[in-house]
Structures are given as C-alpha cells and as structure tokens.
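*Asks:* Sequence and predicted structure below; questions after.
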Amino acid sequence: MKKIFNFFHYLLIPQAKNNFRAKALHHDFLTIYLLVALVSAIMFKNTVTVGGNVLGFATDVTIEKLFQLTNSERAKQGLSPLTYNDQLATAGQRKAADMFAKNYWAHYAPDGTAPWDFIKKAGYTYEYAGENLAKNFMFSQGVVDAWMNSTTHRENLLRKEYTDVGFAVVNGVLNGEETTLVVQEFGKPLSGLALTREVSAQEPQPVVSQAPQAVPTAAVEQSQVSQAIPAGQTVNGLSGGASRPLINLMPAYVNLNLVFFAFLLLALLLDLYFAMKLKVIRVGGKNIAHFMFIGFIFAGLLLITLKGAIL
Amino acid sequence: MTHYVHHLKKDIQRHLFDYLMLFTSGVAFLIALNVFKGEKLITFIILMAFTSVYIIWGIYHHIIDDSIRLKTVLEYILIGFTIIFLLKLLLIT
C-alpha cells in the first residue's frame, strides 16, 4: 500500500526525486501519452472492422438501445411498450437510403414521397403511423433525449395509439458530409374495425413530428432509391437480413479520453499547487496555459458528443 | 491556498495580454466547433488550428518571458499532438 502511495506521490507531486516536477508531466511520460494515443487510435480503427465491413462513422447509436430507451420513456408515462416490427424497420432503412440517394433531410422527399409511402411499400398497412428523424448523434441516449425535449417529437414518441416501432440507423453521405441517420417509424396495424372505417372513406392517420420542410435537391450520388442499403452505406439493425450488429468501442474510447483528460488536469493542478507551496522555480511550460488548453479541449469534446439534429 | 491564489493572480496580471489571447482563441475554438458541428473535416481543421495557436502561444510567451528552452517547446508540442491524436477518431472517422 505504501509503495502505491509513494508511486502516486512521485507521479503527481513535485519533489527532489522527480526534479521538482510531477513525473506525469515529464517529457518521457508526455511521449508515452502521445504513443498511447497513437496506438489506441490505430487499434480502435482496426477493431471496429467486422466481417470485412468498416463502421465508417464514430457513433454509438444502436437500434437495441433506441428501442429500449423508447419503451422506457413510454413506461414512465404509463403507456404500453411498443413491439419491434421488421416491416417498419425496413421502411426506416428505405427512408434513410432515399434521403442519402436524393440528398435531403426532411420528412417528405423533394419529389413528394411521404414517410407513409415507405411504410406501405414495406407491407405494413397502418391505422396510425408516425416518424421521427435524427442525424449525427454520437449516442442513442442523446437521440432519445433530443426527441423527448422537443414537444412534437415527444408527442409522437408517447402516442398511446402506436403499438409497433421500427428503427434504422444508417451511415452515408448527406450534403457532402458523412452522416449517421436515425429513422424511427411508428405504427398501429389496420384492424378489422378500422378497416370498416376506412371503407367509409376515412383516410389513415399518419403523424410526422414536424411540418414538412422544403429542401433543395443537390447532386444525387446514388440512384438506387428502391434499394434499402446502397453501396457506401452501413446499416445497424436488430435482426438478420440486411441488418447486422457492429462491434462498437465508441463508449470505451470516449471514456478513455475523459479519464486521460481528468488525469492530466489533476497532474497539472497538483504540480502547480505544490510547486507554488514549495516556492520552486522551474524551467518548463506554463501550467495555467496547459490548463486553459486542455479545459477548452474538454469543453469541445463535450460539445461534440452532444451534437446532433432532429426532425 | 491563499499563497497559491495570490501567485496565480500575480502571474496572470503580469501576462494578462498573453493569457487573454489564449483565452480568446479558446472561446473562438468553441464557437467555431458549435457553428461547424457535424462537418467533420472542418471540425478537425478547427482542432488543428487551436492546437497550433496553443503551441505558437507557448513559444511566443516564453520568448517574451525570456524563458524559452527546447524542452519547453517540446512540452507544448507533446501535449498538443497527444490531444490531436486522441480526438482525431472522434472527429473525422
């Protein structure tokens, strides 16, 4: 125990043994950090390769988690849980593929294709249907939180009429940017009673979370609109077929970053404090400057992990 | 603790312009990140630019302070590049 204490003392507190500079801030240690950062970056890039396919974008948005969080939010409101529906998931994948192919970010395609068209084409006959969209989120929790913080999306997610849900998490290029799109399709299948109502000329009731927006159509890179997963796009799914699970080390990587930043800040703080207490004059960089730099980077990291847009 | 705060205050007051410059570039970094969020390449360029500013700031500050040494410059470079490599994957993969 004493040995461990002495080691951390030597690592973090300026003293004669470490030439009055925390060992964690010596050049040899700083070089080790640099090498570890390099190696972890290379390892991370290689580890996310699954079955010859590469998860091209650094996100940890999974369908399993989205499904679990959606039902958890509904449970909090005393609503019945939604059942995962493969047809709605297929509709979501086709919608996402269509957004990439036609280069738009909206509920309605520039050619007027509605979200319900994808649902119908997937073979799901609905009484009620709804759609939530999200893009560029790093975590599933962030996606569901953003939907819950928006009145229209929240209402959509918590509609008591829905019984089924399907998700699609698709990576592709939108407006020239690598984008992770999340499509959440809700539905309630048309029952016998509703069928009778429909016969009496009543239209099904689709719900989008927001009024459709006009989005200018830019250059289309791929034309396989009807194809669920065009080349260059990766899809994350719950079940088999076109979907496949991906190994994702993103949370571990983000946590590694946070732990490293915290350790470096602690080392700088202790080094600065004890150097001043011991009234040591040293040759080296300014700890306050390092503090400011790492602090801003830390804030930037949080900003990046919280990014994303919903529709 | 009082001595610690006093020393910090003294150092900041002595180099107020330098620290203000670094702080301003940090704020600009965060604003730029927010403006260009989602645009991965631009975000990475912003990170590179801020790291460069930090390294150049270190060299400039220590020249003004008449305390420039090779190991001091190396310290800024090592910290800066470690941060770049750590965040590279988060930003541009």
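*Replies:* Great, that's in hand.
*Asks:* what number of residues lie near residue A:14?
*Replies:* 23 (other C-beta atoms under 10 Å in any protein chain shown). Heads up, the C-betas are built off the backbone N, CA and C, glycines and all.
*Asks:* Looking at the backbone only, give me phi and psi for the nearest residue to it once chain neighbours are set aside.
*Replies:* In space, and not counting its chain neighbours, residue A:14 is closest to residue A:20: 4.5 Å by C-beta to C-beta, 6 or more residues apart in numbering or on different chains. Here the main-chain torsion angles of residue A:20 (degrees, to the nearest 10) amount to phi 60, psi 40.
*Asks:* so what's residue A:20 up against?
*Replies:* With contacts defined as C-beta atoms under 8 Å, 6 or more residues apart in numbering or on different chains, residue A:20 is in contact with A:14, A:275, A:278, A:280, A:282.
*Asks:* Relative to residue A:289, how far out is the residue nearest to the spatial centre of chain B?
*Replies:* Residue closest to the mean C-alpha point of chain B, counted by C-alpha atoms, centre = their mean, is residue B:54 at 3.1 Å. Applying C-beta to C-beta, to the nearest Å, the value for residue B:54 to residue A:289 is 7 Å.
*Asks:* Equivalent analysis for residue A:283, please.
*Replies:* 15 Å.
*Asks:* One more: residue A:148?
*Replies:* 40 Å.
*Asks:* same deal with residue A:33?
*Replies:* 17 Å.
*Asks:* Report the buried residues of the longest helix anywhere in chain B.
*Replies:* When chain B is parsed with DSSP state H, its longest helix is helix B:40-64. Judged by neighbour count (16 or more other C-beta atoms under 10 Å in any protein chain shown), helix B:40-64 contains these buried residues: B:40, B:42-44, B:46-47, B:50-51, B:53-55, B:57-58, B:61-62.
*Asks:* Off-centre distance for that helix?
*Replies:* With C-alpha atoms, centre = their mean, to the nearest Å as the basis, helix B:40-64 stands 6 Å off its chain's centre.
*Asks:* After it, which helix or strand is next? Please name it.
*Replies:* helix B:70-92 (DSSP states H and E).
*Asks:* and that next one, what does it pack onto?
*Replies:* helix A:27-47, helix A:250-277, helix A:287-305, helix B:40-64 (3 or more C-beta pairs under 8 Å, 6 or more residues apart in numbering or on different chains; DSSP states H and E).
*Asks:* can you give me the helices for chain A?
*Replies:* Using DSSP H, helices in chain A cover A:2-12, A:27-47, A:63-76, A:86-102, A:115-121, A:140-149, A:151-157, A:192-199, A:250-277, A:287-305.
*Asks:* among these, where is the model least confident on average?
*Replies:* Mean pLDDT is lowest for helix A:192-199 out of the helices of chain A, coming in at a mean of 50.
*Asks:* tell me the mean pLDDT for stretch A:168-184?
*Replies:* Computed over stretch A:168-184, the average pLDDT equals 84.
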